[in-house]
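J.: Please find the sequence and the predicted model below.
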Amino acid sequence: MKEKILRMGPIMSMVLSLALVLSACSTAPMSKSEKEEKRDSVRAMASKTLANLEKKNPEARTAIADAAGYAVFSDIGLKIIYMGTAKGGGIAVDNKTKQETFMKMFELMPGLGLGAEKYHVVFVFETPEAFHSFVTTGRELGANAMAAAKNETKGGALAGAVTISKDVYMFQVDTEGAIVGVSITGAKFYKDKELN
């Protein structure tokens with residue numbers, strides 16, 4: 001076991017170095033064209049995610065269309081031995097006004113593992129108040145809340161979704177749109193200051 005950990009040392013050093021380089025690169029302000037390119041990329045991800053979800057669960061289209069608003073996030077996680085993190089971006093859309101709010105996501109991934117995973121999260125907000133609260137103040141989902149959410153799955157158009165709070169439901173799907181259940185253990189969703 002000790003030898004395995006020692007062999008992982010250089011890999012961990014490389015990953016940490018890469019993370020530092022990437023975070024240094026991300027601090028440079030974006031140009032107007034870079035911002036629009038990034039926004040278009042997020043919109044395309046959201047559109048593809050919704051199309052894939054609706055292909056696997058056609059009734060989800062009705063739930064999302066009839067809701068006050070929705071949000072779609074793409075999340076890429078990296079886990080090394082005992083701890084990992086994931087971060088991603090997304091977009092929240094008010095169904096009535098069509099106003100877009102670009103957002104970010106950060107998640108801690110405790111537990112044993114090694115490797116990367118990618119998934120998408122779709123939130124459905126049944127009331128304007130729930131949607132407004134999400135885009136203005138963000139949301140934190142702790143491990144306890146997510147454990148409780150796993151036991152409150154919905155049926156009908158929201159089949160496969162879990163109840164996050166009153167009037168807020170969430171699908172966690174793979175890159176093909178298949179509902180994979182909820183593996184989020186603690187995450188924070190907040191406005192992207194650069195893209196808004």
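T.: Good, I have the coordinates.

J.: show me where the protein has helices.
T.: Along the chain, counting by DSSP state H, helices occupy 2-26, 32-56, 60-66, 128-137, 143-149.

J.: Check the ones you listed for me: which has the lowest mean pLDDT.
T.: Note on those: helix 2-26 shows the lowest mean pLDDT, a mean of 45.

J.: For stretch 42-57, C-alpha coordinates in PDB please.
T.: Taking C-alpha atoms only, stretch 42-57 is exported to PDB below (Å, rounded to 0.1, in the frame of the first residue of the first chain):
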ATOM      1  CA  VAL A  42     -22.600  26.900 -22.700                       C
ATOM      2  CA  ARG A  43     -25.800  27.400 -24.700                       C
ATOM      3  CA  ALA A  44     -24.800  24.600 -27.000                       C
ATOM      4  CA  MET A  45     -24.000  22.300 -24.000                       C
ATOM      5  CA  ALA A  46     -27.400  23.100 -22.400                       C
ATOM      6  CA  SER A  47     -29.300  22.500 -25.700                       C
ATOM      7  CA  LYS A  48     -27.600  19.200 -26.300                       C
ATOM      8  CA  THR A  49     -28.100  18.100 -22.700                       C
ATOM      9  CA  LEU A  50     -31.800  18.900 -22.800                       C
ATOM     10  CA  ALA A  51     -32.200  17.100 -26.200                       C
ATOM     11  CA  ASN A  52     -30.500  14.000 -24.800                       C
ATOM     12  CA  LEU A  53     -32.500  14.000 -21.600                       C
ATOM     13  CA  GLU A  54     -35.800  14.400 -23.600                       C
ATOM     14  CA  LYS A  55     -34.700  11.500 -25.900                       C
ATOM     15  CA  LYS A  56     -34.400   9.200 -22.900                       C
ATOM     16  CA  ASN A  57     -37.300  10.700 -21.000                       C
END
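
J.: what sits up against that stretch?
T.: If you take C-beta atoms under 8 Å, 6 or more residues apart in numbering as the criterion, stretch 42-57 is touched by 60-61, 64, 72, 74, 89-91, 93, 100, 102, 120, 122, 159-160, 171, 173, 175-179, 195. Bear in mind the C-beta positions are built from the backbone N, C-alpha and C, glycine included.

J.: With that, I have no additional questions.
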